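K.L.:
Test case, fold it:
(one chain, ligands or ions: 1)
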Amino acid sequence: MTMHSLTLISHPLCPFVQRAAIVLLEKQVAFERINVDLNAKPAWFLALSPTAKVPLLQIRQPDGEEEILFESMAICEYLDETQPGPHLYPANPVAHAKHRAWIEFGSATLGEAWGYLNAKNHASAEAKATSFKERLVQLENVLGHGPYFDGEIFGMVDAVFAPIFRYFDALETDGVPLIFADIPKVNAWRRNLQGRASVIGAVSVDYQALFLAHLRRQKAVLAEKM
Ligand SMILES: N[C@@H](CCC(=O)N[C@@H](CS)C(=O)NCC(=O)O)C(=O)O
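P.N.:
Residues are numbered from 1 along each chain as shown. This is a model prediction of the structure:
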């Protein structure tokens, strides 16, 4: 029984925040969520965050002690180690290390996906689409029968990739089916993550509208087709 309260300091579109929200929801831990305007960061937020980035996890102990954690994976691992509910890493040390490595791969994949989604000209969109697709093909080659990254059990790698795939669930443009063509295992994984309650609950119901508005504001090439 945990006797402290948890606040996730967030932004509605942030994929790193979603990692932590998914872990909290998988573990069915109650938490509060406070969104920060990253275009006008409040002083209290800047005072708490060494990197000026979300997510932050504020931990209030029953004795009034307060701790602040930053960096999404540090937060996710703290939650995995301290909160009840299923563990999101395998116990076997080799498997654990491999999962951590695929999480690094996931962060780089997120960077390629983000570059593609926000590209402001066709040449850079094409280059990013190619490098993103190459990573998806690498994943296709290591995925098993699913439904999740490492089989039957939903884990931390799933929590990292779900926010990446969510971007593409929110889009209905011509290029996207090409990126996801001929990688059936990745597509099955993507669909399984899309239907997971923790993944659904990690964002608000207006996520899609907010994300599309973001792409239009960025004048992303993809937004021309929407
Ligand atoms: N490595 C960090 C990355 C977090 C991050 O990039 N957060 C973005 C929002 S998705 C942010 O707060 N950006 C604000 C800024 O860079 O000014 C983590 O894993 O927590």
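
K.L.:
got the residues of the protein near the ligand?
P.N.:
When proximity is defined as C-beta under 6 Å from any ligand atom, the chain approaches the ligand at 11, 14, 16, 38, 52-55, 71-72. (Each C-beta comes from the backbone N, C-alpha and C, glycine too.)

K.L.:
Could you rerun that using 8 Å?
P.N.:
Within the chain, the positions adjacent to the ligand are 11, 13-17, 19, 36, 38, 41, 49, 51-55, 70-75, 107 by C-beta under 8 Å from any ligand atom.

K.L.:
Which of these fall in helices?
P.N.:
Among the residues of the chain next to the ligand, the members falling in helices (DSSP state H) are 15-17, 19, 72-75, 107.

K.L.:
Farthest pair within those residues?
P.N.:
Largest separation among those by C-beta to C-beta: Pro15 and Ala74, giving 15.9 Å.

K.L.:
neighbour count winner among the two?
P.N.:
Neighbour count, other C-beta atoms under 10 Å: between Pro15 and Ala74, Pro15 has more, with 22 against 13.

K.L.:
ok, that one touching Ala159?
P.N.:
No: judged on C-beta atoms under 8 Å, Pro15 makes no contact with Ala159 at a distance of 10.3 Å.

K.L.:
Wait, Ala125 touches Glu224, no?
P.N.:
No: the criterion here is C-beta under 8 Å, and Ala125 misses it with Glu224 at 10.3 Å.

K.L.:
Can you tell me the closest non-neighbouring residue to Asp206?
P.N.:
Pro12 (7.7 Å; C-beta to C-beta, 6 or more residues apart in numbering).

K.L.:
so that neighbour makes contact with Ala209?
P.N.:
No: Pro12 is beyond contact range of Ala209, at 10.3 Å (criterion: C-beta under 8 Å).

K.L.:
If you count surrounding residues, which of those two has more?
P.N.:
Neighbour totals were compared for Pro12 and Ala209, and Pro12 leads with 16 against 11 (other C-beta under 10 Å).

K.L.:
Return the backbone torsion pair for the more buried one.
P.N.:
Main-chain torsions, Pro12, degrees, to the nearest 10: phi -60, psi -20.

K.L.:
ok, it to Ala21 distance?
P.N.:
From Pro12 over to Ala21 the distance is 11 Å, taken as C-beta to C-beta, to the nearest Å.

K.L.:
Overlap in contacts, the two.
P.N.:
Taking C-beta atoms under 8 Å, 6 or more residues apart in numbering as the criterion, Pro12 and Ala21 both touch Val203.
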